[in-house]
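S.K.: Structure for this input, please:
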Amino acid sequence: MKSTVVKILVLPLFIVTCLTTFAALYQINCLQYTTSQLMGQPFQLDTTLSKHELANGASTVVLVLILSSWSSQSFERRQVLRDSSLKLLTSGSDKVSIAYRFIIGQPPSAQMQMAMGSLLVQESAAYHDIVVVPASDASKHKSRKVFEALQWSRNIKYDYLVKTDDDVFARWDIIGSELAALDPQTYYWKGLTYRNMPSDSKHADKSMSADYGLSILPAFTSGTLYTVSRDIVDLIVTSKLPRRFIAAEDHNFAVWLFGYNIEPIHDARIQDRDVCEEDQIAKRFSSADVQNMKRMYNNIISKQPQCAGLDSSACAVCYPCHGKKNDWRSSNLACDLFRGITLREQPKFTKVSGMAAKDVLPASKIGENDEWIVKDVLSKRTSIYSDSDEWHLLHWVCWSSAPSTFTDRHWRALELVWVHEPRAVVFMISNTLPENFFDEYSQHGYNVRVIHFDKERLLNWRWHFGSGTQDWLEDWEKWENGEYFNWHLTDYVRLFLLYNYGGVYMDMDALWIRAPPDPNLEFIGSDYSGLESDREWTLDDQGLYLPQGLMRFKRGWRFFREIAESAFSSYTYDPKCFNCQGPKAITTYIREHRHAVESNGFTILPREILYPVGYQEVQKLLSPNPLAEQELKTELIVNSWNIHLFGKMTNHLEIKFGSVIDLVFKQFDLDIPHRDIETHSIISSTNTWTVPMHLIGPRTYIYRAYTPRVLKEQQKPWDKAPVGKFQGLDVIYVRGGPPVSHLVKVEVKVARGKFNFGTSEEEFTSTSIELKSATKKDVNVLLNSLIYLPSPLLVANGGRDQLTINIQYDGGEKSKPEQDSIQVDIVVIETEDDDEN
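M.R.: Coordinates of the predicted model:
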């Protein structure tokens, strides 16, 4: 009986008790090495920084935290880093001081402590660069180790903190120089950025969903290397909010900052894949490949390509993949060079457009990061106008047809630009027109340049938005024989010019009849499509869409870049789709982001302003019309700035005498002689190179004396006409005459009111101005700036005034003197408030 009890009860119970006790003792033993909450040790080993490490003369101090571990592999990696990457710490700017520490947690086990403890102490004594923090060294507790390292760093005075790992080769020379060049930054966070990554994606930490209940991760930077300013470290460490720790420290770092509205800055030069690019500043090496860090270092100090001898066949995320063995887009990734990496195909979440609509483009430094395309005017990155108040003077035109197709109506389209804005700078982007094609206009002082381009030039000028469009240009030969390539190329160049430089883009069938009233207004026109099938992408159910034949924007609008990177990526480009890159693309984008772009100054003009007559009816403007003058004066000039001829519909049609377009060309004519491309005959009013000078202006000018209330109620930007300026049919300019005159004398006087010239505060009742060696452009710039100012009595009661302008040309010995004058009867009309009528 006793033996049975022992066999059945006592012995099994004893075995279970022993196993349980052994397991419990083992767990207790492990817990003291793996549970950070139980670790109360102080920071150990090299916890202080010497004065030598923190150079007092440097204006920027950077602290680098390199996460390492107790393993023998980490021991090897630390030594390799000291012999390679860390030698670059002193190779950057003398304005920056960079100190570093390897961050190690508590030993993961007693065995590891016994095996590596003495080696770690010896290593610390030799290099003084290791800090042991009170956190588990296990990989699943990495975020806790980072947090404790941030706690330790608070006792050190620095401007920026960089976190990286011991398997990462970093270009500390470049990182240091760039941080030294920064102005003082607040809440600065920069790294390889991921956005809108689902918590169950392969790029996400699976524990995030369970621990935090987030379906989408907040924007985070890869743990390969990221940089933060000191105030972010203080924000994280001093926060009293509950804090959880998960395995992925980079995701955890983003969660700690979630809610503070701090956005990371994307830097694609940091890579967390096994790739090598020549401008890369952070590269991971596998344990089997770690010795290649020395090879990369030797390449750098010997001024060789840093990837020489290393495997660079794989395509880095956000980089172009032309000639590489893979394409990262096939992994369902998309990259925005400003915002970071996300998924190309997202789960079915509700999408909300962010309010940011513009990119901050890099500053241009000629000789450093930029070169001239047209000396002192246009560079690869910008122009002298792009970031100034005169950005609206830039005009871009594309021409891909033969010179013989450049007919008189196209010459006149250019003249209309200068009639209404003589300061306009026109860049003709063309591979078919010779560079001297517009020499006659240049001789008269007008700014016009032909810019030739091809694949090599576009790549050299870096006229691409990102990796996708760079690949598209690299594959030029693959696309160039496509049926729509020339149209697509024009669409692409249009997007890039407005994004990179800003200004006005216009088709050569766009005829200006009045200058836009507000020089700061950014706009695109609108029109209506009559096709029912287009309703799926138009702005409303009436078929409203956004043509691209004429638009004006400051540089940096994000929608240009995002449309181009979507439509003109080698991975997504459809050479057989005619309308995928044109009005459909921009209309679809604006439909989804309309509130955001309009909140940032994007203006959709009513149809009648730029497209007063649709493509189905535009032919009537070229046909004789007994009421043409009335239509021009009472409808088009009043409501429109431009008439679009829809060249595909009208290029083959003759402009008939007595038509609306005939009247427009007669009214706005600089009469600059030039040769017909086909007949080589001289086109001018005299059919010779000599044309008499005429002063053109209105007989009567209506000045509407708006009350402050009426002006304030003009809410729509296209209604804000500049009071007193001579525009549209009232524009005053010189027609004909010599290209340059030795002396031009301009006399202006008014009978009762005053006038000034542009932004000048000085007011005149009469004045005489002499222009020496003046071009036609110089004279017309002066006349175009004239603003009439009625007397207070005229404003209050209305009445009449008279403006007289007299111009004398003295051509010196080269030509005879010329003179012309105009008298403008000015009618001042008092505009009353509605409630006073």
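S.K.: Check the protein for its longest strand and report it.
M.R.: Counting residues, the longest strand found in the chain (DSSP state E) is strand 818-831.
S.K.: Residues contacting it, please?
M.R.: 692-707, 710, 732, 737, 750, 753, 788, 790, 794-809, 811 (CB atoms under 8 Å, 6 or more residues apart in numbering). Any C-beta I mention is one placed from the backbone N, CA and C, and that applies to glycine too.
S.K.: starting at the chain centroid, how far to that strand?
M.R.: Its chain's C-alpha centre and that of strand 818-831 lie 45 Å apart, by CA atoms, centre = their mean, to the nearest Å.
S.K.: quick one on the thing from earlier: inside helices: which ones of the contacts of strand 818-831?
M.R.: Counted as lying in helices by DSSP state H, out of those, are Val710, Leu794, Val795, Ala796, Asn797.
S.K.: could you flag which of those residues are buried?
M.R.: By neighbour count, with 16 or more other CB atoms under 10 Å, those hold Leu794, Val795 as buried.
S.K.: what's around Lys157, how many residues?
M.R.: If you count neighbours by other CB atoms under 10 Å, Lys157 ends up with 10.
S.K.: Residues touching stretch 338-357, excluding its own?
M.R.: Residues contacting stretch 338-357 (CB under 8 Å, 6+ apart): 192-198, 201, 215-216, 219, 264, 266, 317-318, 329, 332-336, 359, 557-559, 561, 592-593, 595-597, 599-600, 602.
S.K.: So which of those residues are in helices?
M.R.: Using DSSP H, these in helices are Arg558, Phe559, Arg561, Glu592, His593, His595, Ala596, Val597, Ser599.
S.K.: Buried residues of stretch 311-328, list them for me.
M.R.: Buried, per 16+ other CB under 10 Å, within stretch 311-328: Ser312, Ala314, Cys315, Ala316, Val317, Cys318, Tyr319, Pro320, Cys321, Lys324, Asp327, Trp328.
S.K.: same deal with stretch 783-790?
M.R.: For stretch 783-790, by 16+ other CB under 10 Å, it's Leu783, Asn784, Ser785, Leu786, Ile787, Tyr788, Leu789, Pro790.
S.K.: so Tyr226, which of the three states?
M.R.: strand (DSSP: H, G, I helix; E, B strand; the rest coil).
S.K.: got a list of what the spatially closest residue to it that is not a sequence neighbour touches?
M.R.: Of all residues not flanking Tyr226 in the chain, Gly191 sits nearest, at 3.2 Å (CB to CB, 6 or more residues apart in numbering). Residues counted as contacts of Gly191 (CB under 8 Å, 6+ apart) are Thr221, Ser222, Thr224, Leu225, Tyr226, Thr227, Pro264, Ile265, His266, Asp267, Ile270.
S.K.: same question, Arg552
M.R.: Contacts of Arg552 (CB under 8 Å, 6+ apart): His392, Gly503, Val504, Tyr505, Pro516, Leu521, Glu522, Phe523.
S.K.: Please tabulate the residues you listed in TSV and include neighbour count, pLDDT and distance to Asn625 as additional columns.
M.R.: Formatted as TSV, these follow (neighbours: other CB atoms under 10 Å; pLDDT from 0 to 100; distance: CB to CB, whole Å):
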residue	neighbour count	pLDDT	distance to Asn625
His392	24	98	33
Gly503	26	98	34
Val504	26	98	29
Tyr505	24	98	30
Pro516	23	94	27
Leu521	16	95	31
Glu522	20	97	34
Phe523	22	97	29
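S.K.: Tell me the one of those nearest Ser136?
M.R.: Comparing the contacts of Arg552 against Ser136 with CB to CB places Glu522 closest, at 55.1 Å.
S.K.: partners of that closest one in the sheet?
M.R.: Applying DSSP bridges to Glu522 gives these bridge partners: Phe602.
S.K.: Quick check: it touching Gly601?
M.R.: Yes: counting by CB atoms under 8 Å, Glu522 touches Gly601, with 5.2 Å between them.
S.K.: pLDDT weak spots in the stretch 601-750 of the chain?
M.R.: 708-715, 721 (pLDDT under 70).
S.K.: err, the stretch 251-400 of the chain, not the other one
M.R.: For the stretch 251-400 of the chain (pLDDT under 70), the answer is 349-354.
S.K.: the strands in it, which residues?
M.R.: Remark: strands assigned in the stretch 251-400 of the chain by DSSP state E, counting those that start in this stretch are 265-266, 282-284, 333-336, 340-343, 372-374, 378-379, 394-399.
S.K.: and those strands, which is most packed in?
M.R.: With neighbours defined as mean count of other CB atoms under 10 Å, the strands of the stretch 251-400 of the chain peak in mean count at strand 282-284, which reaches a mean of 25.
S.K.: Which elements pack onto that strand?
M.R.: On a contact count with 3 or more CB pairs under 8 Å, 6 or more residues apart in numbering; DSSP states H and E, strand 282-284 meets strand 168-170, strand 220-229.
S.K.: next helix or strand past the last one?
M.R.: If I follow you right, that is strand 220-229. helix 230-238 (DSSP states H and E).
S.K.: what's in contact with that following helix?
M.R.: Under CB under 8 Å, 6+ apart, the answer for helix 230-238 is 147, 150-151, 153-154, 158-161, 186-189, 253, 256-257, 260, 262.
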